[in-house]
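> what follows is a predicted protein model with its sequence.
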Amino acid sequence: IMVLEATMVCVDNSEWMRNGDYLPTRMESQADAVNLICNVKTQQNPESTVGVMTMAARSPEVLVTPTQDLGKILTALHGVKIAD
């Protein structure tokens, strides 16, 4: 049975992402994990959608509303900056 899902992935873009305990960086490791999750979710059911939001800065920010377009998600992830 293929389950239809709408998933929102919350990305940490806080100052903690500057720590050097993951290679190449925490932020890049997180982006790899988000990419993997998005691929799995959309491959399980082609009609499932995934969105991305950041949690740091002044308030949470939705970068991509739930979509089937992985290109939009990867583009948004590439533009995430660590919040001041």
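Nice, I can see it.

> OK, contacts around D32?
Contacts for D32 were tallied using Cβ atoms under 8 Å, 6 or more residues apart in numbering; there are none. Where C-beta positions appear, they are placed from N, C-alpha and C, glycine not excepted.

> tell me how far it lies from L77.
From D32 over to L77 the distance is 10 Å, taken as Cβ to Cβ, to the nearest Å.

> quick check: neighbours shared by these two?
Contacts common to D32 and L77, judged by Cβ under 8 Å, 6+ apart, are absent.

> phi and psi next, for P46.
phi -60, psi -20 (degrees, to the nearest 10).

> now the strands for the protein?
6-11, 49-54, 61-67 (DSSP state E).

> and the second one, what's its mean pLDDT?
Per-residue pLDDT over strand 49-54 has a mean of 96.

> give me the residues contacting that strand.
5-13, 34, 37-38, 41-42, 60-68, 70, 73, 76-77, 80, 83.

> hmm, 6 Å instead?
Strand 49-54 has contacts (Cβ atoms under 6 Å, 6 or more residues apart in numbering) with 6-11, 13, 38, 41, 60-68, 73, 76.

> fine, thanks again, bye for now.
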